[in-house]
Every structure is written in structure tokens, then in C-alpha cells.
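K.L.:
Dropping the sequence and predicted coords here.
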Amino acid sequence: MEFAVEMLNITKRFGPLVANDQVNFQLKYGEVHALLGENGAGKSSLMSILFGLYKADEGEIYINGEKANINNPNDANKYRIGMVHQHFKLVDVYTVLENIVLGEESTKNGFIDFEESRKRVMQIASQYHLFVDLDAKIEDISVGMQQRVEILKMPYRDADILIFD
């Protein structure tokens, strides 16, 4: 059985503190997992390793059965891994649409093709029932709407492994 995600013997240290000690985690296609534990138990650290925010001190990660070398979030995106963080990664003065496409801009004649991006985001929002005003500034919308924006970023980037921290 090939796993979508396999993390084997993951160890992460922050100085003398051991956040993850030989942790194994396997995720099959179509599964949903919840990592439960006290604050400081290492849940976010483990998921940050999978998303490339941290580098494991020991252990290996396999995505779709192949060894993955995830050194940063751009690498994670290449493996189609997306993450919604506890603290959102949004630019307050940008619009919802600008935040969703940031870093994955479609271009036409050297300019960002916001018309095409808008169509794609609207299709994704409709598919997942995550409607939000694409022209609103992030600073003007509720925290719940900001969370929708973060979630919409993942299918926009074609992520099929989703982490909600």
C-alpha cells in the first residue's frame, strides 16, 4: 500500500528541547487525521517539517511513495502540500484575490492576468462553497473570512495534501 504521506523516525530538536522524538506518521489517500495533544507536544513542529518550515534533524519523508526533499514551503508546494497556519500569512493591504494568487500569478503579456485568476478563484470558491468578496482588503474582512482566504489558497495552488494547523 502506497501512502500519500509517510514520515519515518522524524526527530526535531530546538537546542536541548526535543520537540519530536522518532515520530512515525502515515497518511493514506482520502484519509483525514487529527493530531491531538497538549500545547508543546510537537504537533505543529511535525507539520511544519512536512511543510518545509523546519528541517528534521533525523528521519525521512516520502510523498506518494517517493523520498521527498522538503527544505522550504516552495518544495512542499511542488509536492502539492498546502498549509493553513495558526497565524494567517496574509497581506492586510492587499485584496482577497491578490492574497490568493500571490506567488502563483498567471501572466499575460508580462502582466498579472487578474481576469483569468478571478475566474479560477471564483470556480474554486463555488466548488467548495467558500464565498468571499475577492475585491475586499484583508484588513476589512472578519477573521472567519480571512480563514476562507487561506483555505482557498490551497486548491488554487493545486494542493492535494492539506494541513490545518
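P.N.:
Yep, it's here.
K.L.:
so where do the helices sit in this protein?
P.N.:
For the chain, applying DSSP state H gives helices covering 43-50, 73-78, 96-101, 114-128, 143-156.
K.L.:
Low-confidence ranges, this structure, go.
P.N.:
Along the chain, the model assigns pLDDT under 70 to residues 1.
K.L.:
quick one on the thing from earlier: would you mind reformatting the helices of the chain (as JSON lines) and adding columns for mean neighbour count while you're at it?
P.N.:
All C-beta spots, glycine's among them, are computed from the backbone N, C-alpha and C. Output for the helices of the chain, formatted as JSON lines (neighbours: other CB atoms under 10 Å):
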{"stretch": "helix 43-50", "mean neighbour count": "21"}
{"stretch": "helix 73-78", "mean neighbour count": "16"}
{"stretch": "helix 96-101", "mean neighbour count": "23"}
{"stretch": "helix 114-128", "mean neighbour count": "15"}
{"stretch": "helix 143-156", "mean neighbour count": "18"}
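K.L.:
I'd like these as JSON lines, with distance to Val32 appended.
P.N.:
Listed next are those as JSON lines, based on distance: least, CB to CB, whole Å:
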{"stretch": "helix 43-50", "distance to Val32": "14"}
{"stretch": "helix 73-78", "distance to Val32": "19"}
{"stretch": "helix 96-101", "distance to Val32": "23"}
{"stretch": "helix 114-128", "distance to Val32": "15"}
{"stretch": "helix 143-156", "distance to Val32": "14"}
